[in-house]
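Novice: okay, sequence plus prediction incoming.
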Amino acid sequence: MSDTTVPATGHRLTAPPVTGYARFLSTGSYRPERVVPNSEIVDRIDSSDQWIRERSGIESRRFARPDESVVDMAEAASRVALERAGLTGADIDVVLVATVTHPYQTPSAATLLAHRLGATPAAAFDISAACAGFCYGVALANDMIRAGTARHVLLVGVEKLTDFLDLDDRGSAFIFGDGAGAVVVGPSDTPGIGPTVWGSDGAQWDAIVNKQSWVEYRDSGHEEWPALKMAGQTVFRWAVWQMSPVAQKALDAAGVAIGDLGAFIPHQANVRIIDAMVKQMGLPEHVPVSRDIATSGNTSAASVPLAMDRMLAEGEAKSGDLALLIGFGAGLAYAAQVVELP
C-alpha cells in the first residue's frame, strides 16, 4: 500500500507528534554495607593487594548480604531518586531495570520493582545489555518521552554480581561488586539527553560470558556453577581502541566539544582502561573523570549511575554540567551519549 492510499475502512492511525525533549530529573544510589578490601580476596587467588591495584585500580568493593536481592537494591536507589525528583511511584509511566544478575528468567525485576514502588500499572521490563545496559536504558527513556509514550521513566542499573562470582578465579574474583544506581527521566523544554551512539559485536560474545548455560548446568548434574568468566586482554584491547571513537561520535552527535564537558563518566571496568581512553580521546585535564571503581569495583549495569551519583554528591561535577556517559561490556555491547546532569 502506498503512502497516499487510504485503507479500506477509511480510517487512519493517529499518533502524538514528536515534540519536546527529555532530561535527568534526579539520581539515586545504593551501596551495600559490607566493604570488602583486597585483603579478603588475595589468598584464594594467590595474589596481592599491590597486584590488584596495579592491574585494575581497585582497592575495595561492596558485597550485598546473602538475603539482599537485586530488587531490594533497586528499590533503595529508586526511592532516593524519586524523593529527589519530588515524585512518587504513581507518577512513573515506565520502569526500566538494566541487569544481568536478576536470578529469575521471569518475571522481570522491573515488574517487581514497579509493584513495590506503587507504580502499577506502569510498563516495566528488564534490559539485558550487561555493562552497557544503563546507557541503553537512557536511549530508551529519552525516546519514550520524546515520542509521547511516557512522561516520567524510572531507570535503574543494578547488579548482584557476587551471586555469579567465582572467588577462586584469578582473572575475575577481584573485579566485581554489587550495587544500584537510579535516575528519573522526565520532560524538558530544552535538550537534556543527546543522541545515543550504540551497537554490538556478537562475534566476540565469548569474551565475557557465563561458564555454561542453565541448561548445561542442569544436564551436567550441577557440576559447575555458571559463574562469569572474562578474557581480560581481549576486553581491554577492544575497550581502549574501539570505545574512544564511539565516545567521540557521541560528542559529535550532540554538537559538544570535548573541552565543554563538565564530567566524563565511563563504565567502571578497569582504571587502566579508563586512563587509556582519556589519553586516546585527548580529554583536557580540567574535565573530571570518574574513577569510582577504586572503592566500588566493576558493578556492570550499575557502574555508570553509581559513578554519576557519587560525582554529584561529592561536588566533583555539578548540576547543569554536560557529562559524557559510555557503557561497554558483554555482548560485546556498547552505548554512549552526552547528558545534562540533574
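Specialist: Perfect, I can see it now.
Novice: show the pLDDT at the residue lying closest to Pro37 once chain neighbours are set aside.
Specialist: In space, and not counting its chain neighbours, Pro37 is closest to Ser60: 4.6 Å by Cβ to Cβ, 6 or more residues apart in numbering. (C-beta placed from N, C-alpha, C; glycine too.) Here, the pLDDT recorded for Ser60 equals 97.
Novice: next one: the one 5 residues further on
Specialist: According to the prediction, Arg65 has pLDDT 97.
Novice: same thing with Pro7?
Specialist: pLDDT for Pro7: 60.
Novice: which SS state does Asp166 fall under?
Specialist: What DSSP: H, G, I helix; E, B strand; the rest coil gives for Asp166 is coil.
Novice: residue boundaries of the strands in this protein?
Specialist: Counting by DSSP state E, one finds strands in the chain at the ranges 21-30, 34-37, 60-63, 94-98, 123-127, 153-160, 178-188, 197-200, 208-210, 228-230, 263-266, 322-329, 333-340.
Novice: ok, back up a step: number of residues surrounding the residue nearest to Pro37?
Specialist: Counted with other Cβ atoms under 10 Å, residues neighbouring Ser60 total 19.
Novice: wait, doesn't it sit right on Arg31?
Specialist: No - taking contacts as Cβ atoms under 8 Å, Ser60 lies outside contact range of Arg31: 11.1 Å.
Novice: give me the residues contacting the least confident helix or strand in the chain by mean pLDDT.
Specialist: Every helix and strand in the chain was compared by mean pLDDT, DSSP states H and E; the lowest is strand 228-230, with a mean of 84. With Cβ atoms under 8 Å, 6 or more residues apart in numbering as the test, strand 228-230 has contacts from 161, 164-166, 169, 171-172, 175-176, 207-211.
Novice: picking up where we left off before, quickly compare the strands of the chain and say which is most buried.
Specialist: Mean neighbours per residue, mean count of other Cβ atoms under 10 Å, is largest over those for strand 153-160, with a mean of 32.
Novice: okay, now the sheet partners of it, with direction.
Specialist: Strand pairing for strand 153-160, determined by DSSP bridges: strand 94-98 (parallel), strand 178-188 (antiparallel).
Novice: quick one, which of those strands is nearest to Ala254?
Specialist: For those, the distance to Ala254 is smallest for strand 178-188, at 14.4 Å, taking Cβ to Cβ.
Novice: chain center to the closest one, what's the gap?
Specialist: In terms of Cα atoms, centre = their mean, to the nearest Å, the centre of strand 178-188 is set 10 Å apart from its chain centre.
Novice: quick one, that strand and strand 333-340 angle?
Specialist: Relative orientation of strand 178-188 and strand 333-340, computed by axes from the mean of the first three to the mean of the last three Cα atoms, to 10 degrees: 50 degrees.
Novice: distance of the closest residue to Ala123 other than its chain neighbours from Ile258?
Specialist: Spatially, and ignoring its direct neighbours in sequence, Ala123 is nearest to Val94 (4.7 Å; Cβ to Cβ, 6+ apart). Val94 sits 32 Å away from Ile258, taking Cβ to Cβ, to the nearest Å as the criterion.
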